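J.: Got a predicted structure plus its sequence, pasted below:
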Amino acid sequence: MGRMNEPPRLPEGGFSAWNRDRLAVARRGADECGDVWQLEPGVYVAATAEPCEAVLRRSQDFPKAPAPLFPPLKRSSGAPTPEERARAHAARMRGLRAQAVAARIGEIAPRTAQFADQWPTDQDVEILPAVRHALAEIGVSYLYSEDAPTLLPFAAQLFLAREVLVRPSRWAWPLWIPTPARRFRTRQQVAFIDALRPIVRRRRSTGRLGDDMLGQMLRPSPRYGLLPEEAVLDTLPGITVATFETPSRAAGWILLHLARHPRAADRVAAEAALLPADPAATTSTHLDSLRYTQALVREVLRLYPPSWLLTRRATRQTELADYTIDAGSTVLVCPYTAHRDAREHAEPDEFQPERWLDDSGSPAKPGVFLSFGTGPHGCEGTALAMAMLTLLTAQTARRYHLSEPPGPEPGYQVTTFEGLATVGLRLRATVRG
Ligand code: HEM
């Protein structure tokens with residue numbers, strides 16, 4: 001181990017400044033201190049592409065704490081082992097990988113089209129509840145197809161339970177205290193699992209496993225064999241909420257950008273005009289042809305990554321960007337500032353979807369695009385999220401001009417708590433002439 005070399009501390013950048021305006025302090029940290037800086041003793045921020053990428057990839061040195069939205073319920077066989085978690089991950093990925101999503105574009109497109117059709121025109125509407133509902137329908141159908149109608153109401157309750165749980169509170173109750181929010185969460189989780197169990201049993205006993213993600217999880221894998229029922233049930237509440245929670249945050253930013261950048265919206269509309277008239281006839285080839293729309297989605301995710309801060313812990317003393325990181329310290333990975341580094345992105349604060357169209361703007365370059373994370377804990381739903389958001393964007397722009405409410409007041413508030421999102425976003429849709 002090299003000599004002790006601590007990351008710089010940001011002047012007037014401790015927790016109290018951070019709690020007042022986290023984005024501003026994050027930017028100041030990156031500007032004034034560079035690659036890695038110190039928020040408080042033992043709390044470091046990886047602020048630029050290279051250290052962000054390194055922390056996410058080096059999962060031995062910087063493991064992700066097991067803090068799932070819906071921790072596995074107590075059960076007779078004990079907590080899931082790492083082996084069981086790996087098996088559940090592999091089973092989920094059979095249903096979520098890009099080819100699996102590509103095969104089901106014809107089911108996703110009609111629902112995003114329906115969302116666009118139902119937008120009340122010529123009035124300012126708070127749009128995120130409708131977006132969330134549409135994406136929940138898509139996500140839950142993607143996971144459970146014909147069993148989705150049974151599970152959708154339970155999924156909505158899971159979302160609520162999660163929202164109550166992450167709401168800022170004055171006290172950080174120790175994790176073992178069953179606060180009302182935690183009891184509500186556990187009740188909703190139990191209710192969801194009780195609704196899901198008979199579906200799993202019916203599918204297994206009839207042998208009709210289904211072609212959806214649940215069906216993929218119920219199939220034996222060549223490597224691991226059959227996943228136990230409890231492992232299937234434990235993993236699904238979190239995945240169910242994940243299919244629509246972060247995607248609806250992203251959709252808020254995307255719709256806002258369509259309103260603010262009418263020329264970009266026109267370009268999306270022109271591309272979308274080439275989609276089949278019957279949305280059910282949409283295929284992955286059509287989706288791939290929406291190149292500008294995909295670039296726009298990616299550009300919005302670059303500027304406003306919903307998961308703008310990811311948490312890791314250093315298990316042992318280690319090095320990061322020539323600094324020494326103490327054992328036991330917290331490392332915050334900040335895609336938000338990494339994405340606004342002029343060395344990686346020309347004119348980093350400008351909204352320029354075109355930057356992703358030429359080959360130099362390849363998101364595959366390390367650290368260049370971290371909105372879905374990377375490394376062993378990278379997002380499992382990237383392909384599904386990109387498909388839903390691209391279709392939603394194309395079909396909305398194809399029908400409407402969007403605009404923000406007139407007047408000096410912004411039609412939304414920015415929240416950075418849990419995710420970067422537009423709260424209360426109000427927009428107006430007018431039918432394109
Ligand atoms: C625009 C939408 C989305 C964004 C921006 C997003 C972002 C992310 C990010 C940044 C991570 C890594 C977290 C970390 O490293 O600590 C992650 C993990 C994850 N995402 Fe997504 N996500 C999105 C949509 C989805 C969807 C649709 C699913 C549906 C299945 C999903 C499932 C997951 C899961 C299961 C993980 C945990 C992976 C692990 O810890 O090993 N996400 N996501």
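T.: Received the coordinates, thanks.
J.: all helices of the stretch 201-350 of the chain, in order?
T.: Applying DSSP state H, counting those that start in this stretch to the stretch 201-350 of the chain gives helices spanning 213-218, 229-242, 245-260, 262-272, 284-289, 291-303, 335-338.
J.: which residues sit against the longest one?
T.: When you say that, I think you mean helix 245-260. With contact meaning CB atoms under 8 Å, 6 or more residues apart in numbering, helix 245-260 is reached by 127-128, 131-132, 135, 139, 159, 162, 264-265, 268, 296-297, 300-301, 303-304, 306-307, 351, 381, 385, 388-389, 392-393, 396-397, 402-404, 412, 419-422, 425, 427. Yep, even glycine has a C-beta here, placed from its N, CA and C like the rest.
J.: Kindly recompute the last result at 6 Å.
T.: 128, 131-132, 135, 265, 300, 304, 306, 385, 388-389, 393, 397, 402-404, 419, 421-422, 425, 427 (CB atoms under 6 Å, 6 or more residues apart in numbering).
J.: So which of the residues you listed are in helices?
T.: Leu128, Val131, Arg132, Leu135, Ala265, Val300, Ala385, Met388, Leu389, Thr393, Ala397 (DSSP state H).
J.: which parts of the stretch 301-433 of the chain sit against the ligand?
T.: The stretch 301-433 of the chain has residues 306-307, 310, 371-373, 377-381, 384-385 near the ligand, with proximity defined as CB under 6 Å from any ligand atom.
J.: between the residues you listed, which is nearest the ligand?
T.: Lowest distance from the ligand to those (CB to the nearest ligand atom) belongs to Gly381, with 2.1 Å.
J.: what pLDDT does the closest one get?
T.: Per-residue pLDDT puts Gly381 at 97.
J.: same check, this time on Gly361
T.: Confidence score, pLDDT, at Gly361: 59.
J.: swap in the one 10 residues further on?
T.: Ser371 carries a pLDDT value of 98.
J.: For it, give me phi and psi.
T.: Here the main-chain torsion angles of Ser371 (degrees, to the nearest 10) amount to phi -60, psi -20.
J.: circling back to that earlier point, ok, the ones in helices among the contacts of helix 245-260 vs the ligand, which is closest?
T.: Checking the ones in helices among the contacts of helix 245-260 against the ligand with CB to the nearest ligand atom, the nearest one is Ala385 at 3.6 Å.
J.: nearest spatial neighbour of the closest one, skipping sequence neighbours?
T.: Pro247 (5.1 Å; CB to CB, 6 or more residues apart in numbering).
J.: for Ala195, same thing?
T.: Distance criterion CB to CB, 6+ apart; nearest residue to Ala195, sequence neighbours excluded, is Phe154 at 5.1 Å.
J.: Helix or strand: which one has that neighbour?
T.: helix 148-166 (DSSP states H and E).
J.: Tell me which stretches of this protein form strands.
T.: Assigned by DSSP state E, the strands in the chain fall at 36-40, 43-46, 124-126, 310-313, 318-320, 323-325, 330-333, 400-403, 413-415, 421-423, 426-431.
J.: what's the most buried one of these?
T.: The highest mean neighbour count among these, using mean count of other CB atoms under 10 Å, belongs to strand 43-46: a mean of 25.
J.: for that strand, packing partners?
T.: The contact analysis (3 or more CB pairs under 6 Å, 6 or more residues apart in numbering; DSSP states H and E) places strand 43-46 against strand 36-40, strand 330-333.
J.: Can that strand be said to contact the ligand?
T.: No - Strand 43-46 lies out of reach of the ligand by CB under 6 Å from any ligand atom, never closer than 12.0 Å.
J.: pLDDT of that strand, averaged?
T.: 97.
J.: Partner strands of that strand, with direction?
T.: Applying DSSP bridges to the sheet, strand 43-46 is found paired with strand 36-40 (antiparallel), strand 330-333 (parallel).
J.: which residues touch the residue lying closest to Trp119 once chain neighbours are set aside?
T.: Spatial nearest neighbour of Trp119, excluding adjacent residues (CB to CB, 6+ apart): Ala429 at 4.8 Å. Ala429 is in contact with Trp119, Thr121, Tyr400, Leu402, counting by CB under 6 Å, 6+ apart.
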